[in-house]
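In: Model the following, please.
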Amino acid sequence: MIAQLRVDDRLIHGQVALVWTKELNTPGIIVANDNAANNQMVQMTLKMATPTGKKLLIRTVDDAIKVFNNPKGANMRIFALTNSVKDALKIAQNVKDIEGINVANVGRFAKDANDAVQLSSTLMLSQDELKSLKELASLDIPVFNQVVPSNAKTPIKTLLKNK
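Out: From the prediction side, this is the model:
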């Protein structure tokens, strides 16, 4: 079961490694990202950022979906990370057991921010990502923005009003 699917353009970093892994109390992290799954340098960086004692799997989005749907992991709480709303949508459409989706940090490092829509200080979405976010928010899963656990959860539907 996915305790939280977090969309974060940095994937694993200090905030995720130190704060969220403790808050969610999950034994493992799964990074669902095609680039990371196929790039040894990115994999090494993610492994170094993973907290001691936590298991890390780095898979393509399609392979991660297979892992999430494997009956062997049905009783395991998983912290899942991806770096795009589009990938989060694909996961949400293909995995039934997700407690919540945290769209936390997206688009701040986008190459072309000319058409970007800023929803918050940590969410700057291209038109394509905005479309995916609207579709994600329409699913029957809690979708919110929460950078750190001490912040209130802001429903994505609230951020999308008038967009």
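In: hey, what's Val31 bridged with?
Out: Counting by DSSP bridges, Val31 is bridged to Ile58, Leu81.
In: Give me the below-cutoff pLDDT ranges for the protein.
Out: For the chain, applying pLDDT under 70 flags the ranges 109-114.
In: which residues in it form strands?
Out: Secondary structure of the chain (DSSP state E): strands at 2-8, 28-32, 55-59, 78-82, 101-105, 117-120, 123-125, 143-145, 154-155.
In: Please enumerate residues in contact with the third one?
Out: Contacts to strand 55-59, defined as Cβ atoms under 8 Å, 6 or more residues apart in numbering, come from residues 12, 27-33, 36-37, 43, 46-47, 50, 64, 67. C-betas here are computed from N, CA, C, even on glycine.
In: the inter-axis angle of that strand versus strand 78-82?
Out: Angular relation of strand 55-59 and strand 78-82 on a 0 to 180 degree scale: 40 degrees, by axes from the mean of the first three to the mean of the last three Cα atoms, to 10 degrees.
In: Can you show me the CA trace of strand 55-59 as PDB?
Out: What follows is strand 55-59, C-alpha atoms only, in PDB (Å, rounded to 0.1, in the frame of the first residue of the first chain):
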ATOM      1  CA  LYS A  55      15.100   0.200   1.600                       C
ATOM      2  CA  LEU A  56      15.200   1.900  -1.700                       C
ATOM      3  CA  LEU A  57      13.900   0.700  -5.100                       C
ATOM      4  CA  ILE A  58      14.400   2.800  -8.200                       C
ATOM      5  CA  ARG A  59      12.100   1.700 -11.100                       C
END
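In: about what we covered before: could I get the strands of the chain in JSON lines, plus columns for distance to Asn162 and mean neighbour count?
Out: Output for these, formatted as JSON lines (distance: least, Cβ to Cβ, whole Å; neighbours: other Cβ atoms under 10 Å):
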{"stretch": "strand 2-8", "distance to Asn162": "21", "mean neighbour count": "24"}
{"stretch": "strand 28-32", "distance to Asn162": "31", "mean neighbour count": "24"}
{"stretch": "strand 55-59", "distance to Asn162": "37", "mean neighbour count": "17"}
{"stretch": "strand 78-82", "distance to Asn162": "27", "mean neighbour count": "26"}
{"stretch": "strand 101-105", "distance to Asn162": "17", "mean neighbour count": "25"}
{"stretch": "strand 117-120", "distance to Asn162": "11", "mean neighbour count": "17"}
{"stretch": "strand 123-125", "distance to Asn162": "14", "mean neighbour count": "23"}
{"stretch": "strand 143-145", "distance to Asn162": "16", "mean neighbour count": "23"}
{"stretch": "strand 154-155", "distance to Asn162": "14", "mean neighbour count": "14"}
